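Undergrad: below are the sequence and a predicted model for it; my questions follow.
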Protein chains: 2
Amino acid sequence: MLVVAGLGLYGTRDIPLGVLELLREADVIYLESYTSLAPSLNKEALEKLCGREVKEVKREDLEERSARELLAEAAERVVVLLTVGNPLLATTHTAIILEAKKRGIPFLIIPSASVIDGVICATGLHIYRFGRVVTLAFPDEERGFFPYSTYFAVKSNMSRGLHTLVLLDIRVEEGRYMDPRCAAQLLLKLESMLSEDVLGENTLVIVVARATAPDQYVKVCTLDEAAQKDFGQPPFSMVIPGLLHATEIEYLHHVHSAPLEVMLRWNMHVKKRFSSTLEV
Amino acid sequence: MLVVAGLGLYGTRDIPLGVLELLREADVIYLESYTSLAPSLNKEALEKLCGREVKEVKREDLEERSARELLAEAAERVVVLLTVGNPLLATTHTAIILEAKKRGIPFLIIPSASVIDGVICATGLHIYRFGRVVTLAFPDEERGFFPYSTYFAVKSNMSRGLHTLVLLDIRVEEGRYMDPRCAAQLLLKLESMLSEDVLGENTLVIVVARATAPDQYVKVCTLDEAAQKDFGQPPFSMVIPGLLHATEIEYLHHVHSAPLEVMLRWNMHVKKRFSSTLEV
């Protein structure tokens, strides 16, 4: 049997009880930690908790050829593949489940809190006011790749008055984690390349560093301020708000010290810029 | 101190370890179960697990006047408010945190899997292909209330090629849980009232019953089929897909026995109907 289970966002704090029980009975435990990052996750603490060895897997262990070995093992024994956050948010994990199904290997998926839950818990924003979630990828200037589609997705959400949750690129194997400063600079660069008047130095952003961790940090600021600030250790996310609801403004103001006038000015800007297409 | 913590989706299986630790040390434990429903959640099992009394709270205990009593208690002692799913997905909980902050009461928010995680884990759909999440509310025909805005949100998502996660109304206190049959009938009624050619008997829907539970049931069918079928016990969700990605089609076909030709025909319909506005 193949179990794909979520560990939550922070570390052992967020592991669901049922996952811990499964780990204590599993034959083999793999930990996949290249698609996400949990700030306090530690292989040794995990091993102590479940009383057995945990093997870390890299990208090449889960893709194509090498995934076959994991599946061959799961055909004979109980194999648990642990992931940070929601186990099916990464398409790699969906592909492995699909492959298990095709081979007739029984599988089980156990959920845990995802980055979306973390951002909602950190910011107090309303889930109903978010549009499509996007990832901001590192550009590859040599190959002429820039994350243009992210820019247009932000535009489309904003034109409807909806917030955009921007996930920032993580390349664990290269030791690269896009931080909000880099993200803000990249977004401003995209604006200068595409000139659709979506983003600017005064664009409001809500930066979330280490969502739900004890040292969680949430900052409501302009894109220009974000482009110059150090937000500490990863993981990070960024929200580019659409229209902020009165209760969201109140929460951000009281809980995260966001200046009221800045948020009200932002709402006026969005209304003026997109008056004909707003939905909220 | 006020702790607002998520219990996950199913029952004790999904409780995060850190929440269990907090429960064992808390002075008072409240369980809020009117905004959501976890199929195997059981107050007695929870009490046994944390070794102390758990008090159930109703809507009136958490809103306005009565929330003050809970906050007054939290000013003196450690009060844990347990919620099903993500603790801040319900605006009631956000309002309580805000009130705690205003009164200088320390608070802590611990995440757990939300209904969104459950639907992703159940269906294998890609998070990036979802638009805005909506709730389909029970109409109040006497007062002339119909959930029109839900219909237009589905239209807007679909016109961009994006999926809509439709949460179905829950009124625990009245013992009313909107089931997919009722939801499908209501959506067809909205179409007949608004006539914007968004939904019809052949509209594809993905019904999710008891997401991530051992008896989870996922069915890809037409709105007409959903309007006639009994999907068993709650909780339920429904996805109205936009354009399905090739890997989503493959997953739904192999894992949930969805007919390929039905999904391909759906994609052609969406492309034809919304060709000028699609984004994915």
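TA: Received it, and whenever you're ready, just let me know what you need. Numbers count the residues shown, from 1 in each chain, chains lettered A, B, ... in the order given.
Undergrad: use CA for all of it now, contacts and neighbours both
TA: OK.
Undergrad: so which residues on the stretch 1-150 of chain A come close to chain B?
TA: A:8, A:12-19, A:86-89, A:91, A:94, A:98, A:101-102, A:109-114, A:117-118, A:120-121, A:124, A:126-134 (C-alpha under 8 Å from any C-alpha of the partner chain).
Undergrad: dump the C-alpha coordinates for the helix or strand harbouring residue A:208 into CSV.
TA: Assigned by DSSP states H and E, residue A:208 belongs to strand A:204-209. Output of strand A:204-209 as CSV, limited to C-alpha atoms (Å, rounded to 0.1, in the frame of the first residue of the first chain):
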residue,chain,number,x,y,z
LEU,A,204,-0.3,47.1,-1.9
VAL,A,205,1.1,43.7,-1.0
ILE,A,206,0.7,41.5,2.1
VAL,A,207,3.9,39.6,2.7
VAL,A,208,3.6,36.5,4.8
ALA,A,209,6.8,35.0,6.2
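Undergrad: quick one: strands adjacent to the helix or strand just after it?
TA: Using DSSP H and E, the helix or strand that follows strand A:204-209 in sequence is strand A:217-222. If you go by DSSP bridges, strand A:217-222 pairs up with strand A:204-209 (antiparallel).
Undergrad: quick check: mean pLDDT across the strand it pairs with?
TA: On average, the pLDDT along strand A:204-209 is 98.
Undergrad: which parts of it are buried?
TA: A:204, A:205, A:206, A:207, A:208, A:209 (16 or more other C-alpha atoms under 10 Å in any protein chain shown).
Undergrad: repeat for stretch A:24-40
TA: A:26-38.
Undergrad: out of the residues you listed, which is nearest to residue B:57?
TA: For these, the residue nearest residue B:57 by C-alpha to C-alpha is residue A:38; the value is 32.8 Å.
Undergrad: could you chop chain A up by domain?
TA: Following automatic domain parsing, one finds the domains of chain A at A:2-113, A:116-274.
Undergrad: what's the spacing between the last one and its chain's center?
TA: So that's domain A:116-274. 12 Å (C-alpha atoms, centre = their mean, to the nearest Å).
Undergrad: about what we covered before: quick one: which of the domains of chain A is nearest residue B:54?
TA: So among the domains of chain A, domain A:2-113 is nearest, using C-alpha to C-alpha, at 18.4 Å.
Undergrad: how long is that closest one end to end?
TA: 20 Å (C-alpha to C-alpha, to the nearest Å).
Undergrad: buried residues, stretch A:72-85. List them.
TA: In stretch A:72-85, counting by 16+ other C-alpha under 10 Å, buried: A:73, A:74, A:75, A:78, A:79, A:80, A:81, A:82, A:83, A:84, A:85.
Undergrad: equivalent analysis for stretch A:171-182, please.
TA: A:177, A:178, A:179, A:180, A:181, A:182.
Undergrad: packing partners for the one helix or strand residue A:122 maps to?
TA: Using DSSP H and E, residue A:122 sits in helix A:115-123. Here helix A:115-123 touches strand A:204-209, going by 3 or more C-alpha pairs under 8 Å, 6 or more residues apart in numbering or on different chains; DSSP states H and E.
Undergrad: could you find the closest non-adjacent residue to the closest residue to chain B within the stretch 151-280 of chain A?
TA: As assessed by C-alpha to the nearest C-alpha, chain B sits closest to residue A:251 within the stretch 151-280 of chain A, at 6.0 Å. The shortest distance from residue A:251 to any non-neighbouring residue, by C-alpha to C-alpha, 6 or more residues apart in numbering or on different chains, is to residue B:98 (6.0 Å).
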